[in-house]
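J.: Need the 3D shape of this:
(chains A and B)
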Amino acid sequence: AQSVSQHNHHVILSEAASLELGCNYSYGGTVNLFWYVQYPGQHLQLLLKYFSGDPLVKGIKGFEAEFIKSKFSFNLRKPSVQWSDTAEYFCAVTRNSGNTPLVFGKGTRLSVIA
Amino acid sequence: GAVVSQHPSWVICKSGTSVKIECRSLDFQATTMFWYRQFPKQSLMLMATSNEGSKATYEQGVEKDKFLINHASLTLSTLTVTSAHPEDSSFYICSARDHGVSGYTFGSGTRLTVV
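T.: Numbering: from 1, shown residues only, chains lettered A, B, ... in the order given. From the prediction side, this is the model:
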């Protein structure tokens, strides 16, 4: 079975600091990879996704992620965080075949302090 | 873009009663929908995969008789929490594969509180 690991449970950063959130998955086949954000009291919002092609993916709000197949990783990065980035971030994976569900990591809470 | 409408957005019910949550794909056909459950400050846990015209596939540990799923059409899946108990209180979210830009579209979720 697939599994997704997000190693950072809670990250606290000052504004303008750089961010990197780790995500590793266990499935050995072809995968589709996603990062979602959930702001307090709101539903999930897609930040970015990787299906194929360039392993460096750029998403909304200045976020990017790099797919490293050899490391089974899809880490999320942002060069300079803002207070408004305070939220819960979820990495998700699915097999690249048919109508398979997304499997989510446990999430990383990001707190950005002014 | 693809839109999934989930209703109700919140519901309070008494213990022992049943609650039905609807999930509709508004502008695309969804042969498969997924139901997740999210506890406060935790991740989304897949409960079941809902298939149009056939039985749902439940994840290990999810009681199929308690969480009834019906996917009678290509645009509607329902989750009924039967004989609800306070421990069923949670945030329930549906999702569908939209085969478009985002890949997966999520409903806005239903917050269930059982008192």
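J.: From the centroid of chain A, which residue is nearest?
T.: In chain A, the C-alpha nearest the mean C-alpha coordinate belongs to residue A:35, at 3.4 Å (C-alpha atoms, centre = their mean).
J.: Look up how far residue A:61 lies from residue B:57.
T.: Distance, residue B:57 to residue A:61, by C-beta to C-beta, to the nearest Å: 35 Å. C-beta: built from backbone N, CA, C; applies to glycine.
J.: quick one on the thing from earlier: part of a strand, is the residue nearest to the centre of chain A?
T.: Yes - per DSSP: H, G, I helix; E, B strand; the rest coil, residue A:35 lies within a strand segment.
J.: which helices and strands sit right next to the lowest-mean-pLDDT helix or strand in chain B?
T.: Lowest by mean pLDDT, DSSP states H and E among the helices and strands of chain B is strand B:104-106, with a mean of 89. Strand B:104-106 sits against strand B:90-97, with contacts defined as 3 or more C-beta pairs under 8 Å, 6 or more residues apart in numbering or on different chains; DSSP states H and E.
J.: which residues touch residue 96?
T.: Chain wasn't specified; assuming chain A. Neighbouring residues of residue A:96 by C-beta atoms under 8 Å, 6 or more residues apart in numbering or on different chains: A:29, A:30, A:31, A:32, A:51.
J.: Actually, chain B is the one I wanted.
T.: Neighbours of residue B:96 in contact, by C-beta under 8 Å, 6+ apart: B:2, B:4, B:23, B:25, B:28, B:30, B:32, B:33, B:34, B:104, B:105.
J.: Which one of these sits in the busiest neighbourhood?
T.: Highest neighbour count within these, by other C-beta atoms under 10 Å in any protein chain shown: residue B:33, with 30 neighbours.
J.: How is the residue of chain A found nearest chain B assigned, secondary-structure-wise?
T.: The minimum distance from chain A to chain B, using C-beta to the nearest C-beta, falls at residue A:99 (3.7 Å). The three-state assignment at residue A:99 reads coil, by three-state DSSP.
J.: Correct me if wrong: it contacts residue B:52.
T.: No - using C-beta atoms under 8 Å, residue A:99 is not in contact with residue B:52; the gap is 10.2 Å.
J.: Need the overlap of contacts for those two.
T.: Common neighbours of residue A:99 and residue B:52 (C-beta under 8 Å, 6+ apart) are B:31, B:32.
J.: if we can go back for a sec, give me the pLDDT value at the closest residue to the residue of chain A closest to chain B other than its chain neighbours.
T.: Excluding its sequence neighbours, the residue lying closest to residue A:99 (C-beta to C-beta, 6 or more residues apart in numbering or on different chains) is residue B:32, at 3.7 Å. The model reports residue B:32 with a pLDDT of 91.
J.: how far away is residue B:32 from residue B:55?
T.: Taken as C-beta to C-beta, the span from residue B:32 to residue B:55 is 13 Å.
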